[in-house]
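K.L.:
the sequence and its predicted three-dimensional model are supplied below.
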Amino acid sequence: MPSGAAAPVVSVCADAAGFGALREEWNRLHRSCATATPFQAHAWLHSWWLSYGSAGRLRVVLVRQDGRLVAAAPLMKRLRPFPTLTPLGTDISDFSDVLVDADPPGGADAVLDALGAGLWRLARTAVIDFREVRPGSTVEALHDRWRGPRRRLDDSACLELPALPMDDLVQRLPRPRAQRARAKMRKLDATGIERRVVPPAEVGASVRRLLELHQLQWQERKVTTEHVKPRFAEHLSRSATLMAETGDAVVTEFTLDGTVVAADLTFVSPRLAGGYLYGAHPELRERKIDVATMLLRSCAQHLQDGSPAGVLSLLRGTEPYKLHWRPERLVNQRLLLARAGSAPQLAALLADVRARSLARAARRAWKERGDERPST
């Protein structure tokens, strides 16, 4: 640690009001952290806690140096099926990570050691379970430095494209596929669909319309259950409004003959930009409008309009419509950290992971054979 720099001070925030009061300095830290994604924004995490958190479970590890917030690990305690500490936003966030200032007064090593010490204290009786860690994230450095039992497992697959204009993305495709993509975009233009970026003051209402369209597009089909729950709507509307004010989110509406027929929520950060959720009226599908191409072109346009991003992320999932664009495949990691006292919980968690993996493999095998799942 450089001479003259104060030693890092570690604390744990365990109440929602205190976490909410961190907004301004958390936003500064978020902007400073080179690996941060929009899912580590204060607006996203605090809003998630208000909608999904349980009293007494909040555990946000904070590191300050000379009074300045230089690192943070936003966690909550879960008791079932095993005592664990998981990142805020788990299940509806595509990436998790910790935040560390890019240029702290005492140097990055001292701050990482202090953050690791804070996590070490929390891991005495609970496994720390970081899901959906994007390769290159800061928490990987903590995992590498961890003194106790640790494990690294594969998590969800993600797809990414370079942050290029739409014309350049099309040029990356084989000629026949590129020709079809251009034909789809000409049809979009001929249809007369207009694109509008929603001002931050209107984002809350626009997100509610987006969710209505999302539910409509999935009618009579299997929809993600969480996306139709009131708590999700409350969280998404509240967080997107605040993130639009800071430039971490953009909501876009698409109108046809003056009616909103589609809406999209895109998250933006210096590291990546990606469409998080959209809703589209079934009429577009009936008119053979390629909604996926429309949304990808819109996201690429955000980047050309000045939203900084290193890559255009298609986020989690390897759906066929994403693969058409020849993206790079990345696999998120699941990082598990424990101590001697929490080693039994780690063993039980790993056994549960293996059992679930075997069950998924069996379901895939039954599906491939065309067999019905045996009754139990």
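P.N.:
That came through fine. Since the model is a prediction, treat every value here as computed from it, not as a measurement. Numbering: from 1, shown residues only.
K.L.:
tell me where the stretch 51-200 of the chain has helices.
P.N.:
Along the stretch 51-200 of the chain, counting by DSSP state H, counting those that start in this stretch, helices occupy 108-122, 139-145, 166-171, 175-191.
K.L.:
packing partners of the shortest one?
P.N.:
Meaning helix 166-171. Secondary-structure packing of helix 166-171 (3 or more CB pairs under 8 Å, 6 or more residues apart in numbering; DSSP states H and E): strand 150-162, helix 175-191, helix 291-304. C-betas here are computed from N, CA, C, even on glycine.
K.L.:
show me what counts as buried in the shortest one.
P.N.:
Okay, so that is strand 150-162. Neighbour counts over strand 150-162 (16 or more other CB atoms under 10 Å) mark 150-151, 155-156, 158-161 as buried.
K.L.:
what ranges do the strands span in the protein?
P.N.:
For the chain, applying DSSP state E gives strands covering 9-13, 58-65, 68-78, 84-87, 99-100, 127-133, 150-162, 194-197, 249-256, 259-268, 272-280, 311-316, 328-337.
K.L.:
neighbouring contacts of the longest one?
P.N.:
Meaning strand 150-162. With contact meaning CB atoms under 8 Å, 6 or more residues apart in numbering, strand 150-162 is reached by 94, 131-134, 143, 168-169, 272, 311-318, 322-323, 325, 327-338, 346, 350, 353.
K.L.:
what angle do that strand and strand 127-133 make?
P.N.:
Strand 150-162 runs at 20 degrees relative to strand 127-133, counting by axes from the mean of the first three to the mean of the last three CA atoms, to 10 degrees.
K.L.:
partner strands of strand 150-162, with direction?
P.N.:
Looking at strand 150-162 with DSSP bridges, its partner strands are strand 311-316 (antiparallel), strand 328-337 (antiparallel).
K.L.:
residues touching the last one, excluding its own?
P.N.:
Under the criterion CB under 8 Å, 6+ apart, residues 95, 119, 123, 127-135, 139-140, 142-143, 146, 148-161, 316, 318, 346, 349-350 lie in contact with strand 328-337.
K.L.:
swap in stretch 208-227?
P.N.:
The list of residues contacting stretch 208-227 from outside it, by CB under 8 Å, 6+ apart, reads 91-92, 228, 232-233, 236-237, 251, 253, 260-265, 277-282, 285.
K.L.:
and it, end to end?
P.N.:
Taking CA to CA, to the nearest Å as the measure, stretch 208-227 stretches 11 Å from start to finish.
K.L.:
buried residues in it?
P.N.:
209-211, 213-214, 217-218, 227.
K.L.:
with pLDDT added, can I get the residues you listed in TSV?
P.N.:
Listed next are the buried residues of stretch 208-227 as TSV, based on pLDDT from 0 to 100:
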residue	pLDDT
209	97
210	98
211	97
213	96
214	96
217	91
218	87
227	93
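K.L.:
out of these, which is nearest to residue 54?
P.N.:
Set against residue 54, the nearest of the buried residues of stretch 208-227 by CB to CB is residue 227 (21.3 Å).
K.L.:
what separates that closest one from residue 133, distance-wise?
P.N.:
With distances taken as CB to CB, to the nearest Å, residue 227 is found 24 Å from residue 133.
K.L.:
go on, residue 121?
P.N.:
Distance of residue 121 to residue 133, given as CB to CB: 21 Å.
K.L.:
between those two, which one's more packed in?
P.N.:
Using other CB atoms under 10 Å as the criterion, residue 121 and residue 133 rank with residue 133 on top: 22 against 11.
K.L.:
show me the beta-bridge partners of the more buried one.
P.N.:
The partner residues for residue 133, given DSSP bridges, come to residue 96, residue 333.
K.L.:
that one contacts residue 97, doesn't it?
P.N.:
Yes - counting by CB atoms under 8 Å, residue 97 is a contact partner of residue 133 at 6.6 Å.
K.L.:
report the set of residues contacting both of the two.
P.N.:
Both residue 133 and residue 97 are in contact with residue 139, where contact means CB under 8 Å, 6+ apart.
K.L.:
thinking again about what came up before, and the contacts of strand 150-162, which are buried?
P.N.:
The neighbour-count test (16+ other CB under 10 Å) marks 94, 131-134, 143, 169, 272, 311-316, 322, 325, 327, 330, 332-338, 346 as buried among the contacts of strand 150-162.
K.L.:
could you dump the buried residues of stretch 208-227 to CSV with distance to residue 182?
P.N.:
Formatted as CSV, the buried residues of stretch 208-227 follow (distance: CB to CB, whole Å):
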residue, distance to residue 182
209, 30
210, 28
211, 32
213, 27
214, 28
217, 25
218, 29
227, 32
